[in-house]
Each structure stands twice: as structure tokens, then as C-alpha cells.
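S.K.: Need coordinates for the below:
(4 chains)
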There are 2 protein chains.
Amino acid sequence: MANASATKGERTRAAILDHAVDLASVEGLEGLTIGRLASDLGMSKSGLFRHFGSKQDLQLATVGAARARFVAMVIEPATAAPDGAPRLRAMAEHYLDYLHSFPGGCFWGATASEFDDRPGPVRDAIAASLDAWMAELVRQATAAGIADPDRYAFELYAVVMAANARWRLTGDRRTFDLARAALARLEAELPG
Amino acid sequence: MANASATKGERTRAAILDHAVDLASVEGLEGLTIGRLASDLGMSKSGLFRHFGSKQDLQLATVGAARARFVAMVIEPATAAPDGAPRLRAMAEHYLDYLHSFPGGCFWGATASEFDDRPGPVRDAIAASLDAWMAELVRQATAAGIADPDRYAFELYAVVMAANARWRLTGDRRTFDLARAALARLEAELPG
DNA sequence: AATATAAAAGCACGAACGTTCGTATTCAAT
DNA sequence: ATTGAATACGAACGTTCGTGCTTTTATATT
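M.R.: Okay, here's the model as predicted:
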């Protein structure tokens, strides 16, 4: 939510980006067109465009907004739990719920595969966000006393990513049951 | 490889599709443009277009060619091993190697997330191919005596899919070490 | 209330896309 | 050698995209 004391331009910009994240989860960051975004928000292409100056800037700002949403929905709420195993459990649960905050499934699932072969700042921003998340997972797995934290973080990421992919393609919510069963197997690795 | 006794049109069509699969692994099935495909193959847009009649038909044919490649590289070679655990091991190994047969990473990883929110025959074809693969994994996991074959198939798919995604984004081949470690944990579940 | 500034709109452009159409070339069968 | 079909080409179309320029409207400060 944008700061209420922000200027009108800042509030508009925040509203644009909030919708841009949702739209990109459906259409991708390239399929996210300025015209579509403008008409969805009831404004003109040029009026919206003025806030960014280029489509690439819009894409970069959208990646930033998506990252902010991820932090707010997955990382922040889990800070209540102490480092290590409890934090890992809390993050994994929020991680799965987070997938439902998009109309088109996980923003990162859609955009990472879209930009992995498109060198440039947008790709770099996506990669940096995901690297930061992986690093956080490794940190917590280490704190939890896991012997091979890199492998553990990789598996946890893999399960959630696949849950998103299979769910979006089949429409079958039972996919999440499979994902939870897989996560339970990972939790069983945690000491204590 | 196209049948050598095929007509010229059939050979051209096969060559187009072979390149289309590679190109789609980089640009996606929508980013796969007819002009780019034609110039890569040294032919005219209209000459290429004639073989399909619409872009959607080209996309559908490309999905079919990708599926044929998957069968030839992952499923076929593993049929030497008997059903159950040996077959699962063989398929998993070929599955990882298969990722390197594309210039832009796994065709399915790129196209599934691209089309999961685009209803239509292309989406249906992609979903059907992946469903068939999941069904094969479940079948072999069942034959191997796994208690929850759906969960097992899901995890195996998740590991390879995540290996592809992380590898494409980081460029780090050590990702495959993590994937192999994860696959080893799955193999450890197999009886015998 | 007047005025300066920020925000949004209107309009038009050049490029790229899928697609169509008419024509040229290749190839096989007579 | 002649014909007819299969294959390919080149130019053009209508549309959509990102972007720039100019004008109008809304906001905020004195």
C-alpha cells in the first residue's frame, strides 16, 4: 500500500506497479503492454508512460514491486519465528500461500523463464531477486543444522516452483497436496 | 531426422520444426516469429508460412516436434531398462541430459509458463504432453513399489524443472550437482 | 483566489508482426 | 518436350507495439 501522504504522482505510480505485477504474472513482462496496462487502470497510454520513460524502466520497476510483495508476504511474516528450523517452516508455508496472490500464478515462475535468455538489466534484476531468496533459504537451512544447505534450499525451491507450474497447467488444487507431502519430507530432515 | 524418402516439402517442414523447437526454447512460442525463423533458415516468410497456414498451426506443430524429441531422448532410450526402479533411474539420467539439447534450456519450462494463462489448443497440447510424461513417471514409480507414486513423480519432475530454471538463470553448472544430490535422495527411496 | 508546477491526455510516428496475393521456379509424370 | 502441381518468393496489407510532441487539466503553494 502506498504511503497516504505521498504525492499524487507517487500514488498513481504505485497503483500502476501493483497492477503491473499482477498483469505480468499472466502475460509475462514482455507481454505486459503499456496500452493494456493503461486501459485496465482507466488512463491513457501517454499518461502512464510518463511515469517511467521507457518500457524497460517499467519492467524494472515492476520487478522491484514484485520483490517488495514477496518480502512482505513471505519473508516478513516469518521473522516472528526464530532462525533455523522454525523460520524455515514458517517461510515454506507462506511461500505456498504466496502463489495465490497472483491472478496468473507466481510472478517469478513466469518471468524467470521468459528472461533467462534475454541479457540486460531486467534479467539481472530477476536473477538478483531469486539469488537473494535462495541465499536466505541457504542461511536458514544452515542455521537449522542441515548438512548440505545448498541442496536443501534447492529442493525447497523446486517443490514450490513445481507446485506453481503444475497447478497453473492442470488447474488441479490437489497439486498442493503433493507439494505439502514433499515439503513434509523436507521437514522430516530438520533436527529436533 | 526426417525420412530421406520424404518429399521435398516434408523435408523442409521437418527442418523448419527442428529449428522452431530450438528457437522456441530461447524466445518462447509467441516470441518465435515467422520472420526470424525464415531468415534463420534462409527462406522467405511467405515460403515458410505456406507450410502451416497460421502461426497457431506452426506453434502446434512445434509442440509436436518437441514432444517427439523428448520421446526420442528420454523415454525411448530408457526402454532398455525393465519397468520400475531401473527404468526410473534411466529416465532420470536421460532427463537431465535432455536439458542440454536446447540452446535456451528446456522447451517445456519455457513454454508451459508462457501458455498456462492462454486458453486454446496450444496450451492444451503443452498440457497434454506434460500430463503424459507425469503419467509415465507415476506408472514407473508404481511399478517400482513406491507407496505414494504421485508424490514421487511430482518430486522427480520438480527437481529437473528447478535444475533447468536455476541453471538458465545463474549459468552455474553446479546446479546439476544439487539436482543429482536431490535425485539421489529420491533413488534412496526405491526398494532393492 | 492566483499562479506555478505536476499529471494526464491527444495525436502521430516508425517498426515489427501475422497474413494475403500474385508470380516465379522446381520437379515429376506423361 | 510439355504440362500440372508443388514449392518458394517479393511486395503489400492492416494491426499493434513503444515512444515523442504538444496541449489540456488537475494539484498545491503563496
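
S.K.: Show me what counts as buried in stretch A:11-18.
M.R.: A:12-14, A:16-18 (16 or more other C-beta atoms under 10 Å in any protein chain shown). For every residue, glycine as well, the C-beta is placed using N, CA and C.

S.K.: Also stretch A:167-177?
M.R.: A:167-169, A:175-176.

S.K.: Dump the residues you listed to JSON lines, plus pLDDT, secondary structure and distance to DNA strand C.
M.R.: Output for the buried residues of stretch A:167-177, formatted as JSON lines (pLDDT from 0 to 100; DSSP: H, G, I helix; E, B strand; the rest coil; distance: C-beta to the nearest atom of the strand, whole Å):
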{"residue": "A:Trp167", "pLDDT": "98", "secondary structure": "helix", "distance to DNA strand C": "29"}
{"residue": "A:Arg168", "pLDDT": "98", "secondary structure": "helix", "distance to DNA strand C": "24"}
{"residue": "A:Leu169", "pLDDT": "98", "secondary structure": "helix", "distance to DNA strand C": "23"}
{"residue": "A:Thr175", "pLDDT": "98", "secondary structure": "helix", "distance to DNA strand C": "32"}
{"residue": "A:Phe176", "pLDDT": "98", "secondary structure": "helix", "distance to DNA strand C": "36"}
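
S.K.: circling back: from the buried residues of stretch A:11-18, which single one is nearest B:Pro191?
M.R.: Nearest to B:Pro191 among those is A:Asp18, at 50.6 Å by C-beta to C-beta.

S.K.: do you know how far the closest one is from A:Ala65?
M.R.: 7 Å (C-beta to C-beta, to the nearest Å).

S.K.: Any idea which residue of chain A lies closest to DNA strand D?
M.R.: For chain A, the residue closest to DNA strand D is A:Lys55, as judged by C-beta to the nearest atom of the strand, at 3.2 Å.

S.K.: just checking, that residue touches A:Ile34?
M.R.: Yes: A:Lys55 is within contact range of A:Ile34, at 6.5 Å (criterion: C-beta atoms under 8 Å).

S.K.: what's the pLDDT at A:Arg151?
M.R.: For A:Arg151, the pLDDT comes out at 98.

S.K.: need the contact list for it.
M.R.: B:178, B:181-182 (C-beta atoms under 8 Å, 6 or more residues apart in numbering or on different chains).

S.K.: Go back to the buried residues of stretch A:167-177 and keep what's next to chain B.
M.R.: A:168-169, A:175 (C-beta under 8 Å from any C-beta of the partner chain).

S.K.: Report the separation between A:Arg118 and A:Met161.
M.R.: Counting by C-beta to C-beta - A:Arg118 and A:Met161 are separated by 20 Å.

S.K.: Looking at these two, which is more packed in?
M.R.: Neighbour comparison, A:Arg118 and A:Met161: the larger count goes to A:Met161, with 24 against 15 (by other C-beta atoms under 10 Å in any protein chain shown).

S.K.: wouldn't the more buried one be in contact with A:Ala112 here?
M.R.: No: using C-beta under 8 Å, A:Met161 is not in contact with A:Ala112; the gap is 9.0 Å.

S.K.: so what's in contact with those two at the same time?
M.R.: B:Ala165.

S.K.: Helices of chain A, residue ranges please.
M.R.: With DSSP state H, the ranges of helices along chain A come out as A:8-31, A:34-40, A:45-49, A:55-70, A:76-78, A:85-98, A:107-115, A:121-143, A:149-170, A:175-187.
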